[in-house]
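J.: Build the 3D model from these lines:
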Amino acid sequence: MDPAPLEDDEYLVKAILGRRGTGAHRQYKVHWLGYRKKAATWVPQALLLQRCRDLMTDFDVRRDAQDEKGGGPLATWRSPESEGQV
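T.: Here you go, the predicted model:
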């Protein structure tokens, strides 16, 4: 994640829970730090690229590898900040 200070309208990502769509229409289901998992929201990829590119890439690589193996449950991918590893 980008180490720059957060703006007033920005929140920390705890985990990426899923993805949907393709290309410019891709969205990620985001579990926000400090909020319940039930409050996770679908966020357009373009809004996450600047600060969460590495987290999104990790999720995509693992998700694609899981898809190649024939599916099955997919774990969520957590940001280091959510684990206290800043």
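
J.: Okay, helices next: where are they in this structure?
T.: Secondary structure of the chain (DSSP state H): helices at 45-68.

J.: Helix 45-68 and the longest strand belonging to the chain, what's the angle between them?
T.: Longest strand in the chain by number of residues (criterion: DSSP state E): strand 13-20. Put simply, strand 13-20 runs at 70 degrees to helix 45-68, going by axes from the mean of the first three to the mean of the last three CA atoms, to 10 degrees.

J.: Skip the chain neighbours and tell me the closest residue to A46.
T.: Leaving aside its chain neighbours, A46 sits nearest to A24 (7.5 Å; criterion: CB to CB, 6 or more residues apart in numbering). Any C-beta I mention is one placed from the backbone N, CA and C, and that applies to glycine too.

J.: E10 and L33, how far apart?
T.: Distance, E10 to L33, by CB to CB, to the nearest Å: 11 Å.

J.: D8 versus the residue minimising distance to the centre of the chain, what's the distance?
T.: The centre of the chain sits closest to I16, judged by CA atoms, centre = their mean, with a distance of 3.0 Å. With distances taken as CB to CB, I16 is found 23 Å from D8.

J.: Check A65 too.
T.: For A65, the distance to D8 - CB to CB - is 37 Å.

J.: Over to L17?
T.: 25 Å.
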